[in-house]
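>>> Generate a structure from the sequence data that follows.
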Amino acid sequence: MIKNLSTNLLVSLSIVGSIYAYGQCTPVSEFSENFDALFCCEMGVVPPCWKSITTSTGGNQIISNTAPASSPRNVYQVGYNNVSIVIMPPLTNINAGTHHFKFKARINQFSAPGRLDFGYITEFGDASTFVTLQSITIENGTYDSTSERTFDVPTTVPGNARLAIRNPGISVSGHYWDDAVWEPKSALSTDEIKKETLKVYPNPFNNTLNISDIKDVKSISISDAAGRVIKTIEKPSIILELNDLEKGVYFVNLHFKNGTVKSFKSVKN
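Residues are numbered from 1 along each chain as shown. Alright, predicted model coming up:
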């Protein structure tokens, strides 16, 4: 595993408008980044081979050492009604189905719930090409037992896409995150094995979807193809009645009691 990418050879930083980008980098199969080699407080500071985008002067993304931190430094994204996106390094296996992404997240203590979006981007200079795979509600003000999130990436993601974290600008909270890891899904725990065998069917579906096992599922959210959450089911059953949805492509996001999320792409006829 590549530990702390920011300690690798630093390539030239170029600034084009509000896009902050390092030069071309060789795609990697794994990474682990704790941001501790970076320094506050200019906009767009990211490790080599990462990128950062803002859509206006109101959006902000810096490296912060504000306590409580999981390590000396972490990413900070803030900006109500203004979007910022942090783009991860290019991957050789983004859609192989063999790896997952995990990180820790928190918000300013005693503030309103925050939201970050985990997804991917295909045009690194165009924030509108960001696609949400999972929206993340964040309520913890410290890095506690609920702060780590793990995400599977669908095999349908384009091979040239880059994983990314977006602050969609819908919360006044400041968002902190750290310890970003892309790693193999090996040595699975019993809970993870259950998730790997869990099924959402049929696909395509008409008015109902079946969940093979909801014992450890806390809630379910349904997102449209643009990543917007359009339906939330707080106490799900093994049969989801979705006759109110229009025909189209949706992501069915299962939120587990341990804080992890698994997404399924489903098509309604």
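
>>> Residue 225 contacts residue 249, correct?
Yes. Counting by C-beta atoms under 8 Å, residue 249 is a contact partner of residue 225 at 4.5 Å. No exception for glycine: its C-beta is placed from N, CA and C like everyone else's.

>>> Give me the neighbour count for residue 96.
Residues near residue 96, counting by other C-beta atoms under 10 Å, number 14.

>>> Also residue 49?
26.

>>> okay, it: pLDDT?
On pLDDT, residue 49 comes in at 94.

>>> pLDDT weak spots in the stretch 1-150 of the chain?
1-24, 57 (pLDDT under 70).

>>> so where do the helices sit in it?
Here the stretch 1-150 of the chain has no helices by DSSP state H, counting those that start in this stretch.

>>> What are the structural domain limits within this protein?
31-184, 200-268 (the TED database).

>>> any idea how far the last one is from the chain center?
What it means is domain 200-268. From the chain centre to the centre of domain 200-268 is a distance of 18 Å (C-alpha atoms, centre = their mean, to the nearest Å).

>>> Let me see the contact set for the residue nearest to the spatial centre of the chain.
Nearest residue to the geometric centre of the chain (C-alpha atoms, centre = their mean): residue 118, 1.9 Å. Counting by C-beta atoms under 8 Å, 6 or more residues apart in numbering, residue 118 touches 101, 132-136, 149, 151, 163-165.

>>> okay if I get these as TSV plus neighbour count and distance to residue 87?
Formatted as TSV, the contacts of residue 118 follow (neighbours: other C-beta atoms under 10 Å; distance: C-beta to C-beta, whole Å):
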residue	neighbour count	distance to residue 87
101	22	13
132	24	14
133	23	14
134	23	16
135	21	18
136	21	17
149	21	18
151	19	16
163	23	8
164	25	5
165	24	8
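
>>> Pick the one among the residues you listed closest to residue 261.
If you rank these by distance to residue 261 using C-beta to C-beta, residue 134 comes first, at 5.1 Å.

>>> I figured the closest one was touching residue 117, is that so?
Yes. In terms of C-beta under 8 Å, residue 134 counts as a neighbour of residue 117; the distance is 7.3 Å.

>>> coming back round to it: state the distance from the residue nearest to the centre of the chain to residue 65.
Going from residue 118 to residue 65 by C-beta to C-beta, to the nearest Å gives 24 Å.

>>> Which neighbours do residue 225 and residue 249 have in common?
If you check residue 225 and residue 249 against C-beta under 8 Å, 6+ apart, no residue is contacted by both.

>>> Run a quick neighbour tally on residue 253.
Residue 253, neighbours per other C-beta under 10 Å, totals 22.

>>> whoops, residue 237 was the one
12.

>>> So it belongs to a strand, correct?
No. Assessed with DSSP: H, G, I helix; E, B strand; the rest coil, residue 237 is coil; it does not lie in a strand.

>>> can you pull the contacts of it?
Per C-beta under 8 Å, 6+ apart, neighbours of residue 237: 211, 214.

>>> for the domains of the chain, which one sits closest to residue 25?
Among the domains of the chain, domain 31-184 sits nearest to residue 25 (C-beta to C-beta), with 3.7 Å.

>>> and that closest one, how far from the chain's centre?
For domain 31-184, the distance to the chain centre is 6 Å (C-alpha atoms, centre = their mean).

>>> Ends of that domain, what's the gap?
10 Å (C-alpha to C-alpha, to the nearest Å).

>>> give me the beta-bridge partners of the closest residue to residue 167 other than its chain neighbours?
Distances taken as C-beta to C-beta, 6 or more residues apart in numbering place residue 77 nearest to residue 167, at 3.9 Å, with adjacent residues excluded. Beta-bridge partners recorded for residue 77 (DSSP bridges): residue 61, residue 175.

>>> What does the closest residue to residue 56 other than its chain neighbours show for phi and psi?
Among residues not flanking residue 56 along the chain, residue 82 sits closest, at 4.9 Å (C-beta to C-beta, 6+ apart). The phi/psi pair for residue 82 (degrees, to the nearest 10) reads phi -130, psi 140.
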